[in-house]
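no FASTA, just this:
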């Protein structure tokens with residue numbers, strides 16, 4: 001009985017710590033949503049949010065946003081020159097299921113690492129958009 005009384009304050013402390021960590025996590029998610037809303041352009045919608053080790057990668061209808069400590073780095077989809085995925089063996093691949101990372105080449109080079117289901121959605125949608133964009137550019141060049 002004495003042992004139970006000794007463990008009671010410890011259990012209460014652990015429960016309070018767990019509750020504090022949960023509230024902190026919710027607060028961080030809420031802060032991210034607020035910051036993201038301030039960055040979005042008019043009529044721009046969020047398609048996919050992919051968590052990464054250092055921040056998040058966000059695919060919108062017009063841009064790809066990379067979260068940094070200071071804010072967001074934006075890459076217009078129109079400015080993307082090339083996209084390629086890397087497999088586990090380090091070879092280039094177009095199959096989204098086999099991709100370990102996705103490299104975006106625009107003015108600079110950006111990488112997105114496969115961290116789960118969100119990555120698959122982001123890679124599929126982004127490759128489709130870039131492919132469609134490149135086809136439009138080819139049609140414009142041919143008509144000139």
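Everything's here; your move. Since this is a predicted model, take the numbers as computed values, not measurements.

in the chain, where is pLDDT below threshold?
Low-confidence segments of the chain (pLDDT under 70): 1, 144.

and the longest helix along it, what other elements does it pack with?
As assigned by DSSP state H, the longest helix anywhere in the chain is helix 2-39. Applying 3 or more C-beta pairs under 8 Å, 6 or more residues apart in numbering; DSSP states H and E, we find helix 2-39 packed against strand 63-67, strand 72-76. The way it works is simple: take the backbone N, C-alpha and C, and place the C-beta from them, glycine included.

just those strands: most buried one?
Most buried of the helices and strands packed on helix 2-39 by mean neighbour count (mean count of other C-beta atoms under 10 Å) is strand 63-67; its value is a mean of 22.

related to what we said a few turns ago, would you list the helices and strands packed on helix 2-39 in CSV and tack on distance to residue 127?
Formatted as CSV, those follow (distance: least, C-beta to C-beta, whole Å):
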stretch, distance to residue 127
strand 63-67, 12
strand 72-76, 15
